[in-house]
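[1] just coords:
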């Protein structure tokens, strides 16, 4: 064969070898990269199929995964503790402790108020097993116990290449410790107790902010926001505080409590102090409402007092937040509202007793508009007649739940929305238009108006919502936290 052909053949073979080596190198590099995990890339199988074991590299057999899941599911039902097992080939250059801490918080293993979670992280490349405990398990699984479980139950088997046996033995020992009756009760009852410095920090921040904001609000309200303000209404009862009351209850007392309560050194006492403050604040309002009502009743202003009490009935909702004492005050307060409306009046002209007329007799003193409003149950009128001078007093009680509103033409509370219809539907690119027809049942006036229907906006979270619905069959971790407790072992 000609030497030129031999040279060409040799060059081609060298090129093939070089290409093969190059592609094998790239393939090995891609494989190594694919097996190196970041915290965000670790599969959170709890959200997919409610599994406690993330085993993306198949480092343990599926039968072992099933056994571990059964153990950890039973453990959570008995004690509420959550244990996550993560089996990874590689985490690259990341430190095992830092990786475990970040993953623990990223997933939120354990209950949010108990922090009773445990992360068991196995990293094949680093030949390391890590137990990472939440705050609530540090007393039950201290660092020394975690280390003993690893050194006695797990590492010896890992050295023999029995990863399945080592993981199962270690998790069984964890399960045995956590399901001990005494330990199980402690895990359930454990609640993270923030250090007193947390309470102090919150209090100091509040005092600093409220010291200035409170003063600003005080001077703003001085004009007409207090009961003794210069421009405050004087012709109707008011439940507002006087300037001195506001300064004590709303400004000064919260600052004092914020400085004193942290010394209780317990969150339950801290919360109890706040409960007592807000409870007393609302009790003082209740007593103030009654005092102002009685003051105006002495003037004979029963209708104004009824309106005042009715408008301030919203404080009854405090019974939900402060059942003691407000749950016991609801009935007497409602009874007082009823009594005030029916309580005999005195004539403003001759100061003699007035009598409340019945429904039939009162119609002679009501206009057609008023009678019609009563027919619609939009308003209820009480007519009082003086027994001595025959003077008449008419009191108006509007029904807040009525669908009727005042007609601009006849002023009667008899107008309502007769119909609504969409003239043009709103889309994602343009607004729409709606026709509204109002009709007054008393005077018959009909009025047509149009209203703009806002453009339809699409939520950017739609895609995330659909993706979350695909994992409805899964579960979730509880939002727990960790302070870095636990232990690591290598072999």
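    Arrived safely. All of these numbers come straight from a predicted model, not from anything done at the bench.

[2] what about the helices in the stretch 1-150 of the chain?
    Assigned by DSSP state H, counting those that start in this stretch, the stretch 1-150 of the chain shows helices spanning 3-34, 46-49, 62-79, 96-107, 143-149.

[3] so where's the chain shaky on pLDDT?
    Residue ranges of the chain with pLDDT under 70: 1-35, 181-199, 265, 315-316, 319, 458-475.

[4] so what's the most centrally placed residue in it closest to, chain neighbours aside?
    Using Cα atoms, centre = their mean, the residue of the chain that lies closest to the mean C-alpha position is residue 112, 13.4 Å off. With sequence-adjacent residues excluded and distances taken as Cβ to Cβ, 6 or more residues apart in numbering, residue 112 is closest to residue 479, at 3.6 Å. For glycine as for every other residue, the C-beta is placed from the backbone atoms N, C-alpha and C.

[5] burial count for the one you found?
    The local packing of residue 479 (other Cβ atoms under 10 Å) involves 15 other residues.

[6] would you list the phi and psi of it?
    When read as degrees, to the nearest 10, the backbone of residue 479 gives phi 90, psi 30.

[7] now do it against residue 457, distance only.
    Here the criterion is Cβ to Cβ, to the nearest Å. By it, residue 479 lies 30 Å from residue 457.

[8] likewise for residue 433?
    Noted for residue 433: a distance of 18 Å to residue 457, by Cβ to Cβ.

[9] neighbour count: those two, which is higher?
    Neighbour count, other Cβ under 10 Å: between residue 433 and residue 457, residue 433 has more, with 14 against 8.

[10] tell me the secondary structure for that one?
    Here residue 433 is strand, with the state taken from DSSP: H, G, I helix; E, B strand; the rest coil.

[11] against residue 447, how distant is it?
    Going from residue 433 to residue 447 by Cβ to Cβ gives 17 Å.

[12] ok, now residue 217?
    Counting by Cβ to Cβ, the gap from residue 217 to residue 447 is 43 Å.

[13] got it, and residue 259?
    Distance, residue 259 to residue 447, using Cβ to Cβ: 60 Å.

[14] how about residue 437?
    As judged by Cβ to Cβ, residue 437 and residue 447 stand 7 Å apart.

[15] swap in residue 439?
    Separation of residue 439 from residue 447 (Cβ to Cβ): 8 Å.

[16] in a helix, residue 269, correct?
    Yes - looking at residue 269 with three-state DSSP, it is inside a helix.

[17] what sits against it?
    Applying Cβ atoms under 8 Å, 6 or more residues apart in numbering, we find residue 269 in contact with residue 261.

[18] would you map the strands across this structure?
    Shown for the chain, the strands assigned by DSSP state E span residues 53-54, 82-88, 117-123, 128-133, 354-356, 379-386, 392-398, 405-406, 413-424, 432-440, 446-453, 485-490.

[19] parallel or antiparallel, list what pairs with the second one.
    Sheet pairing here is set by DSSP bridges, and for strand 82-88 it gives strand 53-54 (parallel), strand 117-123 (parallel).
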